[in-house]
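Peer 1: just coords:
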DNA sequence: ACAATCGATGTAATAACATAACACCAACAT
DNA sequence: ATGTTGGTGTTATGTTATTACATCGATTGT
């Protein structure tokens, strides 16, 4: 486990916490998990997250105000896959990350048509995963 | 103008405020606009919003923690158009609402494949509108 | 070496967003 | 007339995020 890149101590701690969690966590939940490691204030978490988001190691779930480790952190990461979309189970909290080129195309096409310059795209499905839907 | 349906006084006030605004507003901003009309607490706003969201007269922008009036409130409203997507200008705050059947299909197809039962879908583009991008 | 700069950090305070808990009241059906 | 439902008002609290300010260490140009 641990630090895949040139992460600082705080960044690595936050990343590890998220990776272990196997599910989304709020910044404050992360903070609580890291109190033993010397974290005292939200800003320590938010600053680390900011960097991790920038690196694409972590994603923010807007509809949950929380954060997940990127599921493709094996080697290459998400920047290579186009827009990231999430399916979030309301029941068990499981998040699955996916990419769909056709959707990217449609969004790009809309943007082209309207002259809209998209910087960031959010796609999130809330519902029930197959296990929970039964 | 004004109450299109059987809205209560508070619901109508919130809806009017959002309609006039021609842009997204946070619940607290709405609260401030309605102080003159007797609003005193956030809950009054949130309760009205809850109903308006349910009726499809208003949308929540997850990436902004704020709310907009549905742009199709002429007659029929958004429930008839499938998933609603938003292009949000970071510069001028303008929001344009759109619908894309092909995207709906791709998302439905993903859901089918994974056995995911989607209850609610969020699609938001953040960026610059044509006017602001220049 | 020296200062300058840059990025990360620590801490406290506060802002912004959202809900819980409780009481009250009007409309309406049984 | 009583119970139920849905809206309301109020206070308090919980949750998420940022601002402001001080410090520290590494790097770099001179």
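Peer 2: Received the coordinates, thanks. Not measured: the values here are computed from a predicted model. Residues are numbered from 1 along each chain as shown, chains lettered A, B, ... in the order given.
Peer 1: from now on I want contacts and neighbour counts done on CA atoms only, so please keep to that.
Peer 2: OK.
Peer 1: return the residues of chain A in contact with chain B.
Peer 2: Residues of chain A lying close to chain B (Cα under 8 Å from any Cα of the partner chain) are A:62-63, A:87, A:100, A:102-103, A:106, A:114-130, A:133.
Peer 1: show me the contact partners of the one helix or strand residue A:124 maps to.
Peer 2: Per DSSP states H and E: residue A:124 is located in strand A:117-128. Contacts with strand A:117-128, where a contact means Cα atoms under 8 Å, 6 or more residues apart in numbering or on different chains, come from A:61-63, A:83-91, A:111, B:63, B:87, B:116-130, B:133.
Peer 1: buried ones among those residues?
Peer 2: Among the contacts of strand A:117-128, those classed as buried by 16 or more other Cα atoms under 10 Å in any protein chain shown are A:61-63, A:83-90, A:111, B:63, B:87, B:116-118, B:121-129.
Peer 1: flag the shaky bits of chain A, pLDDT-wise.
Peer 2: Chain A contains residues with pLDDT under 70 at A:1-5, A:73-81.
Peer 1: centre-most residue in it?
Peer 2: Nearest residue to the geometric centre of chain A (Cα atoms, centre = their mean): residue A:59, 1.7 Å.
Peer 1: which strand residues bridge it?
Peer 2: Following DSSP bridges, residue A:59 is listed with bridge partners residue A:68.
Peer 1: kindly report the same for residue A:97.
Peer 2: Note on residue A:97: beta-bridge partners residue A:86, judged by DSSP bridges.
Peer 1: number of nearby residues for it?
Peer 2: Using other Cα atoms under 10 Å in any protein chain shown, residue A:97 has 17 neighbouring residues.
Peer 1: chain A against DNA strand D: which residues are in contact?
Peer 2: Counting by Cα under 7 Å from any atom of the strand, chain A comes close to DNA strand D at A:26-29, A:41-43, A:46, A:65-66.
Peer 1: got a PyMOL select line for the buried ones in these?
Peer 2: Of these, the buried ones go into a single PyMOL selection, burial set by 16+ other Cα under 10 Å:
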select buried, chain A and resi 26+27+46+66
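Peer 1: can you name the two of the residues of chain A next to DNA strand D that sit furthest apart?
Peer 2: Greatest spatial distance in those: A:41 and A:65, 17.7 Å, computed using Cα to Cα.
Peer 1: ok, and which of the buried ones among the contacts of strand A:117-128 reach DNA strand C?
Peer 2: Okay, of the buried ones among the contacts of strand A:117-128, nothing touches DNA strand C (Cα under 7 Å from any atom of the strand).
Peer 1: in the one helix or strand residue A:48 maps to, which residues are buried?
Peer 2: In this assignment (DSSP H and E), residue A:48 forms part of helix A:42-55. Using 16+ other Cα under 10 Å as the test for burial, helix A:42-55 gives A:44-46, A:48-49, A:52-53.
Peer 1: so which elements touch it?
Peer 2: Helix A:42-55 is packed against helix A:9-21, helix A:27-33, strand A:58-61, with contacts defined by 3 or more Cα pairs under 8 Å, 6 or more residues apart in numbering or on different chains; DSSP states H and E.
Peer 1: this completes my enquiry, with thanks.
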